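Novice: What follows is a predicted protein model with its sequence.
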Amino acid sequence: MSGREGDATVEGVNHSAIARPFPRQALFAKLDRRTPLTIVRAPNGYGKSDLLKSWLESSDTSDHDLVWVPAPPLNSSASEYLTTILRQSRQSGIVAPHVSGDPFTDLAAAFSAVTNPVLLVLIRPDLIPNHALEEQLVELVTRCHQLDIAVTLSGLTLFAEPYFLEVDHELIRAEELLFNSADTANLLTFIGSNPLPGEAEKITTMTGGLPTLVHAGAAVVELLPTQHDRDQLLELNLQQTIDEYTRRTTLDNTDIADHRDFLVSCSTARTLDVSTAAHLFASPESRDRIRERLLELESAGTLSRIEIGTDESWELPAAVRASLMATQPQLGLDPTEQLSSLAHFRLDSGQHASALKYATEGGDWDLAINIIENNWVTMLSESFDIVRRALQQIPPATAKKSSIALAGRDLFTMQPGDIPKPITALPRSAEELRAIGASKDARDVLNVGCVHSIRLRVAGKYGPAAETTRRLAQISRSALATNPDDISPQLPLMRVQWGITFQLSGRFAESTTEMRMAYWGGESQGIDFIARNAAGGVAMNWAIVGEPTLSQGWSRLERKHPNTYGWLHSMVRTPGLVARALTALCTLDLQDAREAVATLGEPDNNEELWAFVLYTHCQYALACREEAAAITLLRKAISDNPTKLKPDSFALPLLRSTKIDLALALGDGNLAMALSSDIAEPAANPWTLVSVARLYQRAGQNESAIALCHQFDWARESYPRPQIEALLIQAVAHSRGGEPRRAAEAWSNACSIADQTGNLRSFSTISRHDVDHLESIAGTGSSALAKFLKLAPGETFPHELNLVTLTERERQVLDLIASDASLTEMANALFISVNTVKTQVRTLYRKLQVHNRREALARGRELRLL
C-alpha cells in the first residue's frame with residue numbers, strides 16, 4: 001500500500017503499535033467486499049478504528065492508495081473538514097490541483113483523475129454538524145469510480161438509513177463488533193497468553209464483550225500469577241480496569257460533564273427512552289430537553305442508538321452501565337431502590353417482561369413473584385427465557401410463599417430423566433374434585449397440578465400425566481363455574497398443555513376436547529399463540545385418526561392467527577404442519593403433502609411431537625414409494641430417542657406399526673413378522689392391530705387377520721382410518737376365504753366411513769384388483785371410491801410378500817454357521833457328508849439371498865431366524 005496515513009495520533013495509524021493486528025475474520029470478510037461505501041457504526045470503546053487498522057495491516061490492499069483522515073476537532077465546519085481531507089490526500093500522493101477554490105469540487109476533480117484505486121478512511125465525520133456532508137460523500141463515490149470510502153460513526157446523524165442509498169455499501173453495527181467467548185479465547189491465544197479454562201468466558205461476561213475492555217482483560221490475564229487465588233485476582237483486577245475505563249471515558253469526560261448526573265441516574269436502565277430517562281432522572285426538565293441530552297450523549301459516543309423498532313431508544317455498554325450504577329450512592333441513590341422503582345414503572349406501562357428483569361436484578365422477589373403470578377401466561381409467548389431465569393433466581397425460601405413460583409422452579413430445574421417428586425395426591429371422586437374447584441385454592445391447585453403433569457410427561461410418565469390431567473380438567477370446570485375471573489386468564493394455556501399430554505398418550509378425543517376449549521379461550525382473550533397452537537392441535541388429532549374434512553376446518557381456523565417466533569415457533573407450528581401433511585395424504589393431494597413435509601423438516605429430538613413428525617415423514621414415503629429412505633430415518637430417530645418410547649406412550653405403538661408397514665411395502669415379510677413378534681398385544685392399539693392384521697392377511701393367514709380385527713371395540717372411540725383399513729383387510733380375507741357376503745358387508749362399511757370422512761388413501765392399502773372385485777360384488781356406488789379411482793394412485797403394498805421360512809434342517813445349518821463351525825464339523829454334527837452340507841448351505845444362501853457366512857448371519861438375525 002502506498003501513501004501516507006497522517007499523523008500517529010490516537011485516531012491515526014501507528015504501525016509500530018500494531019505490529020501484530022488481531023484478525024477478526026468474520027468482520028474482515030465484510031470489509032473485503034470493498035464496497036464503494038463501508039460504514040462502521042458504534043459508540044466509543046467498540047474498536048471501530050482498530051478494526052480498520054487491523055484489516056489494513058492484515059489484508060492485501062497493496063493495490064490501493066490510502067488516505068486516512070483522523071477525527072475532526074469539535075465545532076469544525078464542513079469546509080474545514082473537506083480541506084483537511086484534501087490536505088491528507090495530497091500528503092498521500094494524490095494530485096489535488098486547485099480547480100475552483102471550493103474543497104469539495106477540488107476533491108471530486110482529484111479523485112476522478114486518479115488511475116489507481118483509493119481508499120479514503122474517515123474517522124468520525126459525524127462530528128461535523130452539516131447534513132449536506134452525507135450527500136457530498138455519496139456523490140464522491142458515485143462520480144469517482146476508483147474511490148472507496150470507509151467511515152466510522154457514532155450515532156445516526158450520518159447515514160441513518162443506509163439501505164435507502166443508491167450506492168453499494170456495507171454496514172457493520174455495534175453488536176457485530178462485540179466479542180463473544182470464542183473471540184476472546186482467540187485473542188488470548190493470539191497474544192500468547194496462557195488462560196485457564198473459563199477465563200475467556202469470565203472476561204467476556206464482565207466486559208460485555210466491549211472490544212476495548214476485552215483487550216484490557218487480555219492484558220490483565222498476562223500479568224496474573226499462577227497461584228490458587230488467580231480467579232479472584234482476575235475478577236478484582238478486571239473490575240478495577242472497567243471502573244477506571246468508565247471514570248476516564250465517562251465520569252471525568254469534560255465533553256459530557258453537563259450530563260454526568262443524568263447519565264449516572266439513568267444507568268439503572270438497560271435500554272433508555274425519553275420516558276424512562278425522565279422517570280429515573282427526577283427533575284423538572286421537559287421531555288424535549290431529556291431527548292436533547294440523549295442525542296448529545298449519542299453524538300459523544302457514550303450511548304448507542306438501538307436501531308431495531310420504531311421508538312427511539314439507547315443503551316450503554318453493559319460493563320459501563322454496571323460500573324456507573326455502582327457510583328449511584330454518590331448522588332444519594334440506592335441502586336436496589338432504583339431497580340425496583342424502574343420495575344414498577346415498566347409494570348405500570350404494561351411491559352411485564354422488562355419489569356420482571358429489573359425486579360429480579362434488584363432482588364425484589366415479592367414483586368417478581370407478583371409479576372409472574374399475574375402475567376405468566378401472556379409472558380411465555382415472547383419472554384420465556386426471562387421467566388425461566390427469574391424463577392431459577394428466586395430464593396427457595398421466597399419461592400415457597402408462592403405455589404406457582406415453587407412449581408415453576410421445580411419444572412425449570414428438572415433434569416432429563418428426573419422423576420418428579422409427588423405432589424399432594426388429587427382425589428379420584430368427581431365430588432371431591434368439584435369441591436376443590438369451588439374452593440379458594442382452586443387456582444393454586446390447578447397451577448401446581450399443571451406443572452406437575454408436564455413434569456410427569458417430560459419424564460416419560462405419560463399414563464400418570466394423563467390421569468393427573470384428567471382430574472385437573474374436572475377441577476377446572478368446577479372452578480370456572482364458581483369463580484371464572486380467578487382462573488380464566490391462565491386456563492387456555494393450561495388446556496393446550498393438557499391437550500398435548502393427552503396427544504402423547506394417544507387419548508385423542510380428550511385432547512380434542514381440551515384443545516377446542518383452549519382455542520376459544522385464546523381467541524376470546526386475543527392470545528394468538530394459544531389460539532394457533534390449539535387449532536393446529538385439534539387439526540392434527542383429526543388428521544391422525546383419519547378425519548380429513550374436520551381437520552381442514554380446524555386448519556382454516558389455525559391460519560387466522562399469525563405464526564409465533566422465538567422459542568414457541570416450533571411448538572406452535574408443528575401440529576398444524578403435521579395436520580396439513582396427513583390431511584393432504586388422506587385426500588391424495590401429494591403436492592400439498594410434499595410442501596408441508598418439506599416445511600416441517602426432519603424430527604427434532606427436543607420436540608415433544610417428534611414421533612408424530614416422524615410418522616408423517618414415513619406416511620409420505622409410503623405414498624411416494626420411498627420406503628428405504630424412510631426406514632433409515634425411522635431407525636435414526638428411534639435410536640436418538642430411546643427413552644421416549646415408553647410403554648404408555650402413543651409413540652411406541654405408532655412407530656412399531658409404521659415399521660411393519662414399511663417392511664411390508666418393501667416386500668420383506670420376514671422383517672415384518674419379526675417386528676410383529678415384538679408386540680405382545682397388537683389389538684391393544686388400533687394402529688398395531690391394523691399393521692399386524694395386514695401382515696397376517698398378506699402372508700395368507702386370513703382367519704388370523706379377521707380374528708385380530710374383531711378384537712378391538714371400534715364403537716368405543718372414533719378411529720376412522722384404522723377402522724377403514726381393518727374393514728378392507730377383512731373384506732379381502734373373506735373374499736380369499738370364499739365368503740363373498742361377508743366380504744361385501746365389510747367393503748360396504750369401509751366405503752360408508754370413507755364417504756363420511758373424505759378419506760381416500762385407505763383404498764390404496766389393498767390391490768387395485770381387490771378394489772374392483774369387492775366393488776363389483778357389493779355395488780356401493782361410493783363417492784369416495786369414485787374420487788379415489790379418478791386419481792388412480794399407486795398401490796402402497798406390493799403384490800408379492802417375500803417371506804422366508806426355513807426347514808428344520810436349514811435352521812440347524814444356520815445355527816451351526818452362527819457357532820462358526822467348519823464344513824467338516826457341520827457334517828459330523830448332522831451325520832451327513834461334507835458334500836451334502838455344501839448343498840444345504842447353498843440352498844440356505846439362496847433362500848436368504850446372501851453370498852457368504854457373514855451375510856447369512858446378518859440376514860438371519862435381521863429376520864429373527866437366529
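Specialist: Cool, the structure landed.
Novice: Would you map the strands across this protein?
Specialist: Secondary structure of the chain (DSSP state E): strands at 37-41, 65-69, 118-123, 147-153, 169-172, 304-305, 314-315.
Novice: Could you tell me how far the first one lies from the centre of the chain?
Specialist: Strand 37-41 has its C-alpha centroid displaced from the chain centroid by 32 Å (C-alpha atoms, centre = their mean, to the nearest Å).
Novice: That strand: which residues count as buried?
Specialist: Within strand 37-41, the residues scored as buried using 16 or more other C-beta atoms under 10 Å are 37, 38, 39, 40, 41. All C-beta spots, glycine's among them, are computed from the backbone N, C-alpha and C.
Novice: now, among these, which is nearest to residue 849?
Specialist: For the buried residues of strand 37-41, the minimum distance to residue 849 (C-beta to C-beta) is 65.0 Å, reached by residue 38.
Novice: Return the set of residues that bridge with the closest residue to the closest one other than its chain neighbours.
Specialist: Spatially, and ignoring its direct neighbours in sequence, residue 38 is nearest to residue 150 (4.2 Å; C-beta to C-beta, 6 or more residues apart in numbering). As for beta bridges, residue 150 partners with residue 38, residue 121 under DSSP bridges.
Novice: So for residue 150, what's the pLDDT?
Specialist: Residue 150 is assigned a pLDDT of 95 by the prediction.
Novice: same deal with residue 381?
Specialist: 54.
Novice: residues contacting the nearest residue to residue 532 once chain neighbours are set aside?
Specialist: Nearest-residue entry for residue 532: residue 561, 4.0 Å, with adjacent residues in sequence omitted and distances by C-beta to C-beta, 6+ apart. Applying C-beta atoms under 8 Å, 6 or more residues apart in numbering to residue 561 gives the contacts 528, 529, 531, 532, 535.
Novice: residue contacts, the third one?
Specialist: Going back to what we said before, that points to residue 531. Neighbours of residue 531 in contact, by C-beta under 8 Å, 6+ apart: 492, 519, 522, 523, 557, 560, 561.
Novice: Neighbours of the second one, how many?
Specialist: When you say that, I think you mean residue 519. The tally of other residues near residue 519 (other C-beta atoms under 10 Å) stands at 27.
Novice: Among the strands of the chain, which comes closest to residue 288?
Specialist: Of the strands of the chain, nearest to residue 288 by C-beta to C-beta is strand 314-315, at 16.0 Å.
Novice: other SSEs contacting that closest one?
Specialist: Applying 3 or more C-beta pairs under 8 Å, 6 or more residues apart in numbering; DSSP states H and E, one finds that strand 314-315 makes contact with helix 287-299, strand 304-305.
Novice: and these, which one is worst for confidence?
Specialist: strand 304-305 (a mean of 87).
Novice: how much space between the closest residue to residue 812 other than its chain neighbours and residue 851?
Specialist: Distance criterion C-beta to C-beta, 6+ apart; nearest residue to residue 812, sequence neighbours excluded, is residue 830 at 6.4 Å. Using C-beta to C-beta, to the nearest Å, one obtains 22 Å as the distance from residue 830 to residue 851.
Novice: Mind checking which of these two has more residues around it?
Specialist: residue 830 (16 against 9).
Novice: Settle this for me: the more buried one is touching residue 841, isn't it.
Specialist: No: using C-beta atoms under 8 Å, residue 830 is not in contact with residue 841; the gap is 11.2 Å.
Novice: shared neighbours of the two, anything?
Specialist: Residues touching both residue 830 and residue 841 comprise residue 813, with contact defined as C-beta under 8 Å, 6+ apart.
Novice: and the helices and strands packed on strand 314-315, which is most packed in?
Specialist: strand 304-305 (a mean of 21; mean count of other C-beta atoms under 10 Å).
Novice: Name every strand pairing with that one and say which way it goes.
Specialist: Applying DSSP bridges, one finds strand 304-305 paired with strand 314-315 (antiparallel).
Novice: residues contacting residue 51?
Specialist: 24, 27, 31, 40, 172, 177.
Novice: Apply 7 Å and report the result again.
Specialist: Residues in contact with residue 51 (C-beta atoms under 7 Å, 6 or more residues apart in numbering) are 24, 27, 40, 177.
Novice: Turn those into CSV, columns for pLDDT and distance to residue 445.
Specialist: Shown next, in CSV, are these (pLDDT from 0 to 100; distance: C-beta to C-beta, whole Å):
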residue, pLDDT, distance to residue 445
24, 87, 55
27, 92, 55
40, 95, 57
177, 93, 51
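Novice: Show me the shaky parts of the chain.
Specialist: 1-21, 60-62, 96-100, 227, 309-310, 377-378, 380-382, 410-424, 565-568 (pLDDT under 70).
Novice: Let me see the domain layout of it.
Specialist: The chain breaks down by automatic domain parsing into domains covering 15-177, 181-250, 253-333, 602-802, 808-862.
Novice: where does the residue nearest to residue 141 when sequence neighbours are not counted sit relative to residue 147, distance-wise?
Specialist: Using C-beta to C-beta, 6+ apart and skipping residues adjacent in sequence, the residue nearest residue 141 is residue 36, 4.1 Å away. Per C-beta to C-beta, residue 36 is found 7 Å from residue 147.
Novice: Now list whatever residues contact both of the two.
Specialist: Going by C-beta under 7 Å, 6+ apart, residues that sit against residue 36 and also against residue 147 are residue 141.
Novice: So for the two, which sits in the more crowded spot?
Specialist: Counted by other C-beta under 10 Å, residue 36 and residue 147 do not tie: residue 147 has more neighbours, with 25 against 18.
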